[in-house]
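Chemist: coords please:
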Amino acid sequence: MNKKIFKYQNTLTGVDLKAVIFKNHRISIADVAMPVLQPNEALVKVSLAGICETDLSLLNGYHDFSGIPGHEFAGTVVSAPDNPDLEGCRVVADINCGCGQCYVCRIGDYRHCPHRTVLGIRGRNGVFAQFCAIPVSNLYAVPDRIKDNEAVFAEPLAAALAIDRQEGIGEKSRVAVLGDGKLGLLCALALRQKTADIVLIGRHPEKLRIVEARGVHTVCRQKGSAFESLEMNPEKFDVVIDATGRPDGINAALCLVRPKGTVIIKTTSSEKSVIDLADVVVREVRLIGSRCGDIKEALDFMERKRIEVGPLIEAVYPLDDFARAFAHASKSGSRKILVRP
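Modeler: Now for the predicted structure:
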């Protein structure tokens, strides 16, 4: 395990901590009680946390969330009464916490547990705080070669890598990624490892240049641009990933996929999508929802420098300045915004 050279004193029970609160579509920073650990949970001191599109949707009503948001992070275990060897270890986490008792948990599919909580998203406080309680079984040690500002990307990178596990991208696969947000960039970088025939379609030339430097073809989706020619091209894509974060993103993806091709949906939006199911049926298009991935695989990719995530970071804000950080992250074209508690 990757440990710091010192040990924390585990005398934090009852101490107040600063945390970001989402409630009634409003952001506030408040002093809240230190989490009380349940059996087999660890208290983690958050070093860095990242703002993602899901956090933006939560403020707008997704999942009717109220509490401490945040699920992308790097931190250090302060206290783990049932697993003291973890104390001092740098960690990241799988965000899905299953009940451990139901049928799907017993077969190892805790991510789809009907009773699950999800870190900072569903029924469980998240990491936009100085400390957070997380089940030990969800924690992964961060290798020494990975810096904290890189480790923050473990969860979204794992989600990007999950696409290949679901679909099996081959060397000859023609792939398009729609959306040049943080997840779209990671999807393009991850899938470039599998095929050279990949294009990222976005709206921000400066962000497209990040993946161009790593061998990904790009198209800037502006009126009169090459995007319209892609829609009309009879040789459409085998696989199209909707990472737009927009409710109409799936319709753009359907315009680009070939008959019997696959659309992989990464978008989660507080708004509903409307699609033409007749077109899906007639062209026999497969629709696949895609969410989380293997954190261990993501850490391995970063440790071996197969994917460089540093260029995706735009700014780091202190937790006390979260409102400004969130406003920055909400701007069209922004890259990853990190928060330091």
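Chemist: Compute the distance between the residue sitting nearest the centre point of the chain and Val36, please.
Modeler: Nearest to the geometric centre of the chain sits Pro156, at 3.0 Å (CA atoms, centre = their mean). The gap separating Pro156 from Val36 is 29 Å, by CB to CB, to the nearest Å. Every residue, glycine included, has its C-beta placed from N, CA and C.
Chemist: quick one: low-confidence ranges for the protein?
Modeler: 1-15, 223-229, 231-232, 234 (pLDDT under 70).
Chemist: Would you mind giving the domain segments of it?
Modeler: Here the domain parsing of the chain from automatic domain parsing is 16-153+309-340, 160-289.
Chemist: which one of these lies closest to Leu299?
Modeler: domain 16-153+309-340 (6.3 Å; CB to CB).
Chemist: Look at that closest one and report the distance between its end residues.
Modeler: 17 Å (CA to CA, to the nearest Å).
Chemist: do the same with stretch 264-283
Modeler: 16 Å.
Chemist: buried stuff in that stretch?
Modeler: Ile264, Ile265, Lys266, Thr267, Ser269, Val280 (16 or more other CB atoms under 10 Å).
Chemist: Of those residues, which pair is most distant in space?
Modeler: Ser269 and Val280 (18.8 Å).
Chemist: same for the helix or strand the residue nearest to the centre of the chain falls within, what does it pack against?
Modeler: Per DSSP states H and E: Pro156 is located in helix 154-167. Under the contact criterion of 3 or more CB pairs under 8 Å, 6 or more residues apart in numbering; DSSP states H and E, helix 154-167 touches strand 72-79, strand 90-93, helix 182-191, strand 237-242, strand 257-265, helix 295-303.
Chemist: Once you drop chain neighbours, what's closest to Arg286?
Modeler: Thr262 (4.5 Å; CB to CB, 6 or more residues apart in numbering).
Chemist: for the one you found, which residues make a bridge with it?
Modeler: Val239, Arg286 (DSSP bridges).
Chemist: count of neighbours near the nearest residue to Asp31 once chain neighbours are set aside?
Modeler: In space, and not counting its chain neighbours, Asp31 is closest to Asp16: 4.3 Å by CB to CB, 6+ apart. When neighbours are counted by other CB atoms under 10 Å, Asp16 registers 11.
Chemist: Asp16 bridge partners, please.
Modeler: Going by DSSP bridges, Asp16 forms beta bridges with Ala33.
Chemist: give me every residue that touches it.
Modeler: By CB atoms under 8 Å, 6 or more residues apart in numbering, the contact list for Asp16 reads Asp31, Val32, Ala33, Met34.
Chemist: ok, the third one - how many residues close by?
Modeler: The reference is to Ala33. Neighbour tally, Ala33, other CB under 10 Å: 11.
Chemist: can you check Ile146 too?
Modeler: By other CB under 10 Å, neighbour count at Ile146 equals 22.
Chemist: close enough to count as contact, it and Glu303?
Modeler: Yes: between Ile146 and Glu303 there is a contact under CB atoms under 8 Å: 5.7 Å.
Chemist: Figure out how far stretch 111-126 is from the centre of its chain.
Modeler: The chain centre lies 14 Å from the centre of stretch 111-126; the measure is CA atoms, centre = their mean, to the nearest Å.
Chemist: Now that stretch: buried residues?
Modeler: Within stretch 111-126, judged by 16+ other CB under 10 Å, the buried ones are Arg111, Cys113, Arg116, Thr117, Val118, Leu119, Gly120, Ile121, Arg122, Arg124, Asn125, Gly126.
Chemist: circling back to that earlier point, got a list of what the residue nearest to Arg286 touches?
Modeler: Glu167, Asp238, Val239, Val240, Val285, Arg286, Leu287, Ile288.
Chemist: Now the phi/psi pair for the last one, please.
Modeler: For Ile288, the backbone dihedrals are phi -130, psi 120 (criterion: degrees, to the nearest 10).
Chemist: Identify the residue spatially nearest to it, adjacent ones excluded.
Modeler: Ile264 is the one closest to Ile288 (CB to CB, 6+ apart), at 4.9 Å.
Chemist: ok, now which ones touch the one you found?
Modeler: Ile163, Gln166, Glu167, Val239, Val240, Ile241, Asp242, Ile288, Ser290.
Chemist: Nearest to His71 among those residues?
Modeler: Ser290 (16.5 Å).
Chemist: From what I see, that closest one and Gln166 are in contact.
Modeler: Yes: Ser290 is within contact range of Gln166, at 5.8 Å (criterion: CB under 8 Å).
Chemist: show me where the stretch 201-341 of the chain has strands.
Modeler: Using DSSP state E, counting those that start in this stretch, the strands found in the stretch 201-341 of the chain span residues 217-220, 237-242, 257-265, 286-289, 313-318, 336-340.
Chemist: Looking at the ones you listed, which is nearest to Arg26?
Modeler: Nearest of the strands of the stretch 201-341 of the chain (CB to CB): strand 336-340, 17.5 Å.
Chemist: partner strands of the closest one, parallel or antiparallel?
Modeler: With DSSP bridges as the test, strand 336-340 pairs up with strand 41-51 (antiparallel), strand 313-318 (parallel).
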